[in-house]
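> fold the stuff below for me.
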Amino acid sequence: MHTYKKFLLAAAATLVMSANAMAAEKLRMGIEAAYPPFNNKDASGNVVGFDKDIGDALCAKMKVECSVVTSDWDGIIPALNAKKFDFLVSSLSITDERKQAVDFTEPYYSNKLQFIAPKNVDFKTDEAYLKGKTIGTQRATLAGTWLEDTYGDKIDIKLYDTQENAYLDLVSGRIDGILADKYVQYEWLKSKDGSNFEFKGEPVVDSDKIGIAVRKGDPLREKLNAALAEIKADGTYKKINDKYFPFSIE
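This is a model prediction of the structure:
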């Protein structure tokens, strides 16, 4: 009987350890879900996009079960640090300021910042032309920071909670142009609403590195880096890239 009790205790301990291991194998990825084609919601309300596909591929390589937690852009880093989710894969530019709050993986793609404006307007990107113009951009983005640092006292900068709301004001003529990530705008310019607009000038920032964020000191960073290297090596990354773009954004 004594031996049987010991067996039961050992079996129970094994079950508890297994349950804990299974619990530890579940991760939550944070995504804004309002930034197509990188992240948005489909007609059924499911989160889709490049970021989601990359997150899913990384979770598969790490052999963990992942779910999606959506968050407004303005509070997305605080939400990560408040443990609303475990890692943030939502087209977040790697900046020195953000490195004070979170740790980043290696970049999983590179972007550029470029203006768009109406096709029938001879829109220039120099200070003389932009002075007095109203330029839209999403709040708390690299584009917003660049505009404020470069032209803050010379132009009227209109900040938006989502990129989609900036497009609405551009179409209605309430702003003169938008500065944002080139590959996000590339997608919108192909749409019906975007058909009367085009890129203007050259990119003002030519190498915007995008990373996955985790909480400071979290060892998950190294696991994500290893998984990222794997999906780039085995062709998974290229398949995801080619699903959204006819050129490499790596």
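> and the strand or helix carrying D169, how far from the chain's centre?
Secondary structure assignment for D169, by DSSP states H and E: helix 163-171. Distance of helix 163-171 from its chain centroid, counting by CA atoms, centre = their mean, to the nearest Å, is 19 Å.
> can I get it as CSV, trimmed to CA atoms?
C-alpha atoms of helix 163-171 as CSV (Å, rounded to 0.1, in the frame of the first residue of the first chain):
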residue,chain,number,x,y,z
GLN,A,163,-3.6,54.7,-40.7
GLU,A,164,-7.1,54.1,-42.1
ASN,A,165,-8.4,57.3,-40.6
ALA,A,166,-5.6,59.3,-42.2
TYR,A,167,-6.6,57.9,-45.6
LEU,A,168,-10.2,59.0,-45.1
ASP,A,169,-9.1,62.6,-44.5
LEU,A,170,-6.7,62.5,-47.5
VAL,A,171,-9.5,61.3,-49.8
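> okay, V48 and E222: tell me how far apart.
28 Å (CB to CB, to the nearest Å). C-betas here are computed from N, CA, C, even on glycine.
> all strands for this protein, in order.
26-31, 40-41, 47-48, 65-70, 87-93, 102-104, 109-118, 134-138, 156-160, 177-181, 197-215 (DSSP state E).
> tell me the strands beside the fourth one, with direction?
When you say that, I think you mean strand 65-70. Applying DSSP bridges to the sheet, strand 65-70 is found paired with strand 26-31 (parallel).
> partner residues bridging the closest residue to V204 other than its chain neighbours?
The shortest distance from V204 to any non-neighbouring residue, by CB to CB, 6 or more residues apart in numbering, is to L113 (5.2 Å). As for beta bridges, L113 partners with D181, V205 under DSSP bridges.
> was I right to think L113 contacts T145?
No: applying CB atoms under 8 Å as the test, L113 and T145 come out as separate, 10.1 Å apart.
> quick one, domains of this structure?
Using automatic domain parsing, the domain parsing of the chain gives 2-110+209-244, 111-207.
> mean pLDDT lowest for which of those domains?
Among the domains of the chain, domain 2-110+209-244 has the lowest mean pLDDT, at a mean of 89.
> buried ones in stretch 90-103, by neighbour count?
S90, S91, L92, S93, I94, R98, V102, D103 (16 or more other CB atoms under 10 Å).
> typo on my end, stretch 209-220
K209, I210, G211, I212, A213, V214, R215, D218, L220.
> quick one: which of these is nearest I157?
I157 lies nearest to I210 out of these, by CB to CB, at 22.5 Å.
> residues contacting the closest one?
Contacts for I210 were tallied using CB atoms under 8 Å, 6 or more residues apart in numbering; they are S91, L92, S93, I94, P107, Y108, Y109, S110, N111.
> good, we can wrap up now.
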